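Colleague: can't give you the sequence, but here's the structure:
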């Protein structure tokens, strides 16, 4: 039996990216845990930014959006057989503010992407410290590659790499399904590969796991069947069945 810790920038990223693979791992007797890094609440001493307030409206989750999303995540973990889930208290980037100007970090959708701001570097230290103090010896740690350039995905990867141990990486979905993505741009040819075929039952479990994130479905797809078809096409193209170590 192998023991895995998957690091998710947000509540849905790991299940979106590798839900079928995780189901297959748990079915074969592996222990899988899912740790979400940007799972903190919005700051209590500041109002929601206009962008964050818009996201809450679109998600239809009310004022306790982080808690509601954590319940969606717990439901998805049960579907996939994940034994344990943990959450770190770093806020999603839509809740963060520039410490000098006081302006929201994310004002428009494109602000979610791009290099980490210099003033965000201090977030790496506590996130890496959380991992260093809590990852048990002998567990395999799986990080996002950071495909798509979302700042929280980059932050999660950089924090994981500060552990100084060999990591596995997963390709971030849905960004990895977009035409601009080329695996060779992210994974060296000599990288070690762990592959586990995802069968029909695994695909169905993956789809049901993603379905648990009701607040997020319409952010990516028009309706449930579109989601199911998109995941099936991604799987048929070889996606969601491999991890990489380099």
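Modeller: Nice, I can see it. What you see is a predicted model; the values in this text were computed from it and never measured.
Colleague: where are the low-confidence patches of the chain?
Modeller: Filtered on pLDDT under 70, the chain yields no residues whatsoever.
Colleague: again, only using 80
Modeller: Low-confidence segments of the chain, defined by pLDDT under 80, are located at 117-121.
Colleague: What ranges does this protein have for its strands?
Modeller: Under the criterion DSSP state E, the chain carries strands at the ranges 3-8, 31-36, 84-87, 140-144, 168-170, 192-195, 242-245.
Colleague: Direction included, what does the second one pair against?
Modeller: This means strand 31-36. Strand 31-36 has the following sheet partners, assigned by DSSP bridges: strand 3-8 (parallel), strand 84-87 (parallel).
Colleague: For it, buried residues please.
Modeller: For strand 31-36, burial by neighbour count (16 or more other CB atoms under 10 Å) applies to 31, 32, 33, 34, 35, 36. No exception for glycine: its C-beta is placed from N, CA and C like everyone else's.
Colleague: quick one, it and strand 140-144 angle?
Modeller: With axes from the mean of the first three to the mean of the last three CA atoms, to 10 degrees defining the directions, strand 31-36 sits at 40 degrees from strand 140-144.
Colleague: And the helices in this protein, which stretches?
Modeller: Using DSSP state H, the helices found in the chain span residues 13-27, 50-59, 65-80, 124-134, 151-161, 200-211, 214-220, 224-236.
Colleague: Quick one: residues in contact with the last one.
Modeller: For helix 224-236, the external contacting residues (CB atoms under 8 Å, 6 or more residues apart in numbering) are 20, 173-174, 176-177, 198, 203, 206-207, 210-211, 217, 220-221, 240-241.
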